[in-house]
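*Asks:* Next comes the sequence, and after it the predicted model I'd like to discuss.
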Amino acid sequence: MTLLSPSLLDRIGEEVVYTAPEPLGRAAIRYFALATGDTDPAHLAGDIAPPTLICETNQYANLPRDTDGYAGHGWHLDVPGTRLVRGGNAYRFERPVLPSTVVTARWKLADITERVTGSGKRMLVVTSVATYTDQHGLVLVVNEESLIYVER
Amino acid sequence: MSSDELVFVRTIELPDMIAYAGATWDWHKLHYDSAYLASRGLDRPVVDGQVFGAYLAIALREWFGAEAVISALSFRFKNLVFAGETIRCVGVPSESAAASATASRKIEIDLRVEVVEDGRIAVAPASATLTVP
């Protein structure tokens, strides 16, 4: 019995695009800097975003929160008998993000692979790639993210 | 800990987590809702893993200066961190970076995040690439 069902395999390659309803804004940058204890004057002034901000915020998604309270992008994959844990992220920063930037995030479900944990449990590793661009189409950041569905 | 290691320490209190949830528009109940946590066998709010990316970026700029430009940052999660715990970001620059002394240099650095209270690893492996003028 595999966790990787045909219906999940069919999802590979799926893409979703979100464009923020407004520019990022100085307040959003300043709030993030304050919340993370960032001491960089340019971040605290809201002049330039800390590099990881657009990878961490759900601002651009403009989605309603789900039953867990989460209001960000998700693939909503159905993997019975598993629990979901975060795997990790790999960010590639291409350009600075400014308060005037209107972020578009293009999420792609890049891959799903089945593996076995050290303790013998099956798991699915879901790899997504988010490409963030500005209102001119220039790439700001590329974020490769892995989520892991581990057998209970 | 060796003398070559760079260290950045931060205690993460619940108000820090609430502020971060607001700043990132991430209101997942895992980070504050005690009833939700109890139903999942957890006794304390879980720190949002994404914040370690922000902390590592702050640590890199504290170690190498505000002019340092980070071009890549990657990290994998190992263990949950809970409200009230103190984390230690540790960086070890690669040999090639340490040997280079030009005006503008590219630095590769291995990173990890540990929990100070019990030494468990929160984030590893992790690494970054940055340019320092």
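*Replies:* Cool, the structure landed.
*Asks:* Could you use CA atoms for every contact and neighbour count after this?
*Replies:* Noted.
*Asks:* close to chain B, is stretch A:63-75?
*Replies:* Yes. Contact of stretch A:63-75 with chain B (CA under 8 Å from any CA of the partner chain) involves A:Arg65, A:Asp68, A:Gly69, A:Tyr70, A:Ala71, A:Gly72.
*Asks:* Now list the buried members of those residues.
*Replies:* A:Tyr70, A:Ala71, A:Gly72 (16 or more other CA atoms under 10 Å in any protein chain shown).
*Asks:* What are the boundaries of the strands in chain B?
*Replies:* Applying DSSP state E to chain B gives strands spanning B:6-11, B:69-77, B:86-93, B:105-115, B:121-132.
*Asks:* Let's have those in a markdown table, adding distance to chain A.
*Replies:* Shown next, in a markdown table, are those (distance: least, CA to the nearest CA, whole Å):
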| stretch | distance to chain A |
| --- | --- |
| strand B:6-11 | 9 |
| strand B:69-77 | 4 |
| strand B:86-93 | 13 |
| strand B:105-115 | 13 |
| strand B:121-132 | 9 |
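*Asks:* related to what we said a few turns ago, please identify which two of the residues of stretch A:63-75 next to chain B are farthest apart in space.
*Replies:* Using CA to CA, the residues of stretch A:63-75 next to chain B reach their maximum pairwise distance at A:Asp68 and A:Gly72, which is 11.1 Å.
*Asks:* I'd say B:Ile70 and B:Thr131 touch.
*Replies:* Yes. Counting by CA atoms under 8 Å, B:Ile70 touches B:Thr131, with 6.5 Å between them.
*Asks:* neighbour count winner among those two?
*Replies:* B:Ile70 (22 against 15; other CA atoms under 10 Å in any protein chain shown).
*Asks:* Now for the more buried one: which residues touch it?
*Replies:* A:Pro51, A:Phe93, B:Ala57, B:Ala128, B:Thr129, B:Leu130, B:Thr131 (CA atoms under 8 Å, 6 or more residues apart in numbering or on different chains).
*Asks:* How about B:Ile87?
*Replies:* Contacts for B:Ile87 were tallied using CA under 8 Å, 6+ apart; they are B:Val9, B:Arg10, B:Thr11, B:Ile12, B:Val113, B:Glu114, B:Val115, B:Val116.
*Asks:* ok, 10 Å please
*Replies:* By CA atoms under 10 Å, 6 or more residues apart in numbering or on different chains, the contact set of B:Ile87 is B:8-12, B:52, B:55, B:81, B:113-117, B:119-122.
*Asks:* any idea what sits nearest it, other than its immediate chain neighbours?
*Replies:* B:Val115 (4.5 Å; CA to CA, 6 or more residues apart in numbering or on different chains).
*Asks:* Next one: the helix or strand A:Arg30 falls within, is it in contact with chain B?
*Replies:* Taking DSSP states H and E as the criterion, A:Arg30 maps to helix A:26-36. Yes. Judged by CA under 10 Å from any CA of the partner chain, helix A:26-36 comes into contact with chain B at A:Ala27, A:Ala28, A:Ile29, A:Arg30, A:Tyr31, A:Phe32, A:Ala33, A:Leu34, A:Ala35, A:Thr36.
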